[in-house]
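Novice: this one's structure only:
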Ligand SMILES: Cc1cc2nc3c(=O)[nH]c(=O)nc-3n(C[C@H](O)[C@H](O)[C@H](O)COP(=O)(O)OP(=O)(O)OC[C@H]3O[C@@H](n4cnc5c(N)ncnc54)[C@H](O)[C@@H]3O)c2cc1C
């Protein structure tokens, strides 16, 4: 027997987007937040560098927009950027009013950091644990509100599709019971999909579940080929891939080769602070040229200042036997951020009635082909809030017509768990080898030929109500999102933003479009 729950509003995920939406909804009905693991397990808690907002005396929304558009390489949705930069500062000030302790200078003004591709200092930070501080403030805001329930270790696996829209979700509860939760409006705020790749900065929970769920239910997903690879990820064999925040380079850290020579200006005029995709490619090229690793070095900066400003990163380095302030730190790129996701309008509405999306799982178009550093926390905050407001007006009495066809699926019923035909490790290896920083047709076609039949088989099994455990659902999500990334990357025959095709190295006007997929249809729309 399937257990049943109901609420007015359902939120999947307890990162910045889900929590900010919950704050907005708390006084409008019963809110149920379902979160797959510990509530702090998402990327938000890992965000180090900070949150961008035009709050400095030398800054303006127009300048912030210009930097965002430049990084997005011709594919940003300008309306979404306008919302982000004009509303962003107010959302951040509200966080401060709620108690967010961002670092300040001796005179009490905000200590704004500079990061790659920003023209001025505009990144608010709480030492190097900014996401944790923001999540703390939002969780405190929600604590004790009688109509908000946060259920942890609730693994959402499937949308309930009825009457052409989404009426809730199915999830595995802590004890493995399959449960149905119904609501007037459901928000996908499940974060990124970095776990699709062998090398990633993303936490375990970032397996693209919300994008897979929405796609399988018939929602449109878009721009999935644009995956940001963070250049400076600590690459010590056998150790976790700790992120070394871009804020380090903002404070003067330099990339050097085996001989200790700074090399970035050989490849990019902007040097160490070029955008992430450019730095990642330059590092791999330098490594190929010298046949040796590349390093991040802060040894020329005052050691006590470095340790004081970056205590969390210094501790991560210490765990693998390195001193952040004095040692050269071996670094290489790793999958970091998904620019694409479930296609939404400016209020988080997807192409299916009843289903909303916000944060990294969504694609508002704000990042275009490449995200400007520290814009993603801001996106989660602003568009999480806006989605929460739009969800207040959702009603099941008169759903609008779906933009795409909603596809119902039976709950998993077979007692025999289905087998997916590839291991998680093999899938992540394949994605790293064939669809990472440098891509070409041969590699992408190889990945597509491997993954597409497995995904077709998975979709067939799901349509028949095949049994899946939470673990096989995870693999199913990785397979679904991985194969959609590959399909999108194969179609885009140019290089733009974070998507680099060695066989099509130029950016082409005819590709100033978005790629999108809905089940049974591929589309390409003009921007
Ligand atoms: C190491 C690191 C450093 C970063 N630094 C910065 C930075 O300095 N500045 C910046 O702007 N951005 C940064 N980012 C990116 C930024 O942190 C994320 O894009 C942002 O936090 C995403 O917020 P979110 O709410 O969309 O998702 P998340 O914070 O990832 O939350 C997703 C939530 O969904 C839950 N979930 C997932 N699947 C399911 C499921 N099936 N069922 C139920 N729940 C589910 C997760 O458990 C989690 O609670 C960083 C990312 C990483 C990984």
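Specialist: Done, it's in. Quantities reported herein were computed from a predicted structural model and do not represent experimental measurements.
Novice: show me where pLDDT drops low in the chain?
Specialist: 1, 396-398, 521-527 (pLDDT under 70).
Novice: And the helices in this protein?
Specialist: 16-25, 61-71, 78-97, 130-142, 209-216, 247-250, 264-267, 276-290, 303-309, 311-319, 375-392, 424-434, 441-463, 470-491 (DSSP state H).
Novice: Count residues in the vicinity of the residue lying closest to residue 484 once chain neighbours are set aside, would you?
Specialist: Setting aside the residues directly before and after it, residue 484 is nearest to residue 224 in space (Cβ to Cβ, 6 or more residues apart in numbering), at 5.0 Å. Placement of C-beta: from N, CA and C, glycine included. Neighbour count of residue 224, defined by other Cβ atoms under 10 Å: 27.
Novice: Next, the contact list for the residue in the stretch 301-450 of the chain that the ligand sits nearest to, please.
Specialist: Per Cβ to the nearest ligand atom, residue 359 is where the stretch 301-450 of the chain lies closest to the ligand, at 2.3 Å. Applying Cβ atoms under 8 Å, 6 or more residues apart in numbering to residue 359 gives the contacts 13, 15-18, 189-191, 376, 379-380, 383-384.
Novice: what do you get if the cut-off is 7 Å, keeping everything else the same?
Specialist: Contacts for residue 359 were tallied using Cβ atoms under 7 Å, 6 or more residues apart in numbering; they are 15, 16, 17, 189, 191, 379, 380, 384.
Novice: got it, and residue 31?
Specialist: Here residue 31 is in contact with 7, 9, 11, 22, 25, 147, 148 (Cβ under 7 Å, 6+ apart).
Novice: Repeat the analysis, applying 6 Å as the threshold.
Specialist: By Cβ atoms under 6 Å, 6 or more residues apart in numbering, residue 31 lies in contact with 9, 22, 25, 148.
Novice: Looking at those residues, which is nearest the ligand?
Specialist: The closest of the contacts of residue 31, once distances to the ligand are taken by Cβ to the nearest ligand atom, is residue 22, at 11.0 Å.
Novice: I'd like to know how many residues surround the closest one.
Specialist: 27.
Novice: Let me know whether residue 130 touches residue 53 as I believe.
Specialist: No - using Cβ atoms under 6 Å, residue 130 is not in contact with residue 53, being 11.8 Å away.
Novice: So which of those two has more stuff around it?
Specialist: residue 53 (30 against 26).
Novice: close enough to count as contact, the more buried one and residue 92?
Specialist: Yes - taking contacts as Cβ under 6 Å, residue 53 lies within contact range of residue 92: 4.2 Å.
Novice: which residue packs closest to the residue of the stretch 301-450 of the chain closest to the ligand, ignoring adjacent ones?
Specialist: That would be residue 17: by Cβ to Cβ, 6+ apart, it lies 2.7 Å from residue 359.
Novice: repeat for residue 95
Specialist: residue 137 (5.9 Å).
Novice: re earlier: just the buried ones from the contacts of residue 359, in PyMOL syntax?
Specialist: Of the contacts of residue 359, the buried ones go into a single PyMOL selection, burial set by 16 or more other Cβ atoms under 10 Å:
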select buried, resi 15+16+17+189+191+379+380+384
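Novice: Output the contacts of residue 359 as JSON lines; include the columns distance to residue 466.
Specialist: Below are the contacts of residue 359 laid out as JSON lines (distance: Cβ to Cβ, whole Å):
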{"residue": "15", "distance to residue 466": "30"}
{"residue": "16", "distance to residue 466": "34"}
{"residue": "17", "distance to residue 466": "31"}
{"residue": "189", "distance to residue 466": "27"}
{"residue": "191", "distance to residue 466": "26"}
{"residue": "379", "distance to residue 466": "36"}
{"residue": "380", "distance to residue 466": "34"}
{"residue": "384", "distance to residue 466": "34"}
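Novice: ok, and of the contacts of residue 359, which contact the ligand?
Specialist: Residues of these in contact with the ligand (Cβ under 6 Å from any ligand atom): 15, 16, 17, 189, 191, 380.
Novice: Start and end of stretch 258-271, how far apart?
Specialist: 18 Å (Cα to Cα, to the nearest Å).
Novice: sorry, that was for stretch 369-377
Specialist: 17 Å.
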